[in-house]
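Undergrad: Fold the following.
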Amino acid sequence: MTAVDRIPCTVITGFLGAGKTTLIRNVLENSKGKRLALIVNEFGDVGVDGDILKGCGVDSCPEENIVELANGCICCTVADDFAPAIDQILALEPKVDHILIETSGLALPKPLVQAFQWPAIKGRVTVDGVVAVVDGPALAEGRVASDMDALAAQRQADDSIDHEDPVEEVFEDQVACADLIILSKSDLMDTDGAARARGIVEEHLRRAVKIVPSSHGNIDPSVLLGLGLAVEDDIDNRKTHHDDELDHEHDDFDTFVLEMPAISDPDALAQRVAEAAEKANVLRLKGFVHVEGKPMRLLVQGVGPRVSHYYDREWNQGEDKRTRLVVIGLKGLDREAVERILTS
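TA: Predicted structure coming up:
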């Protein structure tokens, strides 16, 4: 294929809970006739993000156009997962116009973009652009994620600890590789807060990259798609913390899946999720919940102490109505403590 014939791909990266899935859902629902496909790289055993997006019911991106990869970070499993996913999407009929790739919150975008240089991939697809979604309110408060209190306390207690902690390095590497920054949840910040958030992002920008505010993922897809940058040809110029490493690990995070019986009070569950973030260092929680007497599935998402929940759709006929929550935290997460809080 010539460069013109290759299918463009947009890599959408961002820390846990920054708002990637909300942004992508908005793009799918406002694609203006462009036929899209989506690769979702989950972190955890339950495909929550993919299931949310499959529930959109958008003609331009039907369920068969959404591929979920849950065997680890796709930048580490190119041959086993990423290349076959590209093959699957390119075989679709009718042909897709654009591919979106939602990375896990822990993914480093540079190794993924470098994977587009593989001979089996390079001739057929190209990286249209890398979009980093950053959590505006967290940045306004001086954090790259919603709840960094545990790390701050640890650093204050031990001067020997390296102050460039892994979470911040992930954030900085994502920003360093980005062609566009989406400053999410802008409606939750005042003018001064937005200025502080932008200032933190700008500290790690080495190129003329635009920062675009967004609320509830609402942004014109034409701002994200059609950049035409062929990023894989320029990726070596984007310097990151991990440039001297052949491989990278995600051992700084723990995750597990908690299954629970049906609940009766969604607000009470939301309070327990917030408590788990405060007392047990849970960074991110997401999943689907069976509420007694309700025909609809409850979607719960928690980022630090901020918790949202709403009924996203009816349970399908024959679908197993159960509560399954993916819990993500820093290494050493006390699973028993988290389970005790959430099931109390």
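Undergrad: drop to CA atoms for contacts and neighbour counts, all remaining ones
TA: Will do.
Undergrad: Which helix in the protein has the most residues?
TA: Secondary structure of the chain per DSSP state H: the longest helix is helix 266-280.
Undergrad: Please identify the buried residues of that one?
TA: 266, 269-270, 272-278, 280 (16 or more other CA atoms under 10 Å).
Undergrad: now do stretch 175-194
TA: Within stretch 175-194, the residues scored as buried using 16+ other CA under 10 Å are 175-186, 189, 193-194.
Undergrad: Check which helices and strands the longest helix of the chain is in contact with.
TA: With contacts defined as 3 or more CA pairs under 8 Å, 6 or more residues apart in numbering; DSSP states H and E, the packing partners of helix 266-280 are strand 282-289, strand 296-303, strand 306-314, helix 335-343.
Undergrad: Can you read off the pLDDT for the spatially closest residue to Lys122 that is not a sequence neighbour?
TA: With CA to CA, 6 or more residues apart in numbering as the criterion, Lys122 has its nearest non-adjacent residue at 5.2 Å, and that residue is Phe116. The per-residue pLDDT reported for Phe116 equals 87.
Undergrad: cool, the one 4 residues further on as well?
TA: At Ala120, the predicted lDDT confidence score is 74.
Undergrad: check which helix or strand covers it.
TA: Secondary structure assignment for Ala120, by DSSP states H and E: helix 119-122.
Undergrad: Arg196 against Pro137, yeah?
TA: No: in this structure Arg196 lies outside contact range of Pro137 using CA atoms under 8 Å: 9.5 Å.
Undergrad: Look at the two and report which has more neighbours.
TA: Pro137 (25 against 18; other CA atoms under 10 Å).
Undergrad: one step back: helices and strands around the helix holding Ala120, which ones?
TA: Using 3+ CA pairs under 8 Å, 6+ apart, the elements in contact with helix 119-122 are helix 83-90.
Undergrad: Packing partners of the helix it packs on?
TA: Using 3+ CA pairs under 8 Å, 6+ apart, the elements in contact with helix 83-90 are helix 119-122.
Undergrad: mind listing what's buried in the helix it packs on?
TA: For helix 119-122, the neighbour count (16+ other CA under 10 Å) marks 121-122 as buried.
Undergrad: Return the distance of the very next helix or strand once past it from the chain's centre.
TA: The C-terminal neighbour of helix 119-122 among helices and strands, as given by DSSP H and E, is strand 125-135. Relative to its chain's centre, strand 125-135 lies at 12 Å (CA atoms, centre = their mean, to the nearest Å).
Undergrad: what helices or strands is strand 125-135 leaning on?
TA: Using 3+ CA pairs under 8 Å, 6+ apart, the elements in contact with strand 125-135 are strand 7-14, helix 166-177, strand 180-184.
Undergrad: for whichever helix or strand comes after the last one, the distance to its chain's centre please.
TA: Just to be clear, that refers to strand 180-184. Once the chain leaves strand 180-184, the next helix or strand it forms, by DSSP H and E, is helix 191-203. Computed by CA atoms, centre = their mean, the chain-centroid distance of helix 191-203 equals 21 Å.
Undergrad: Show the subsequent helix or strand relative to helix 191-203.
TA: Proceeding N to C from helix 191-203, the next assigned helix or strand is strand 210-213, under DSSP H and E.
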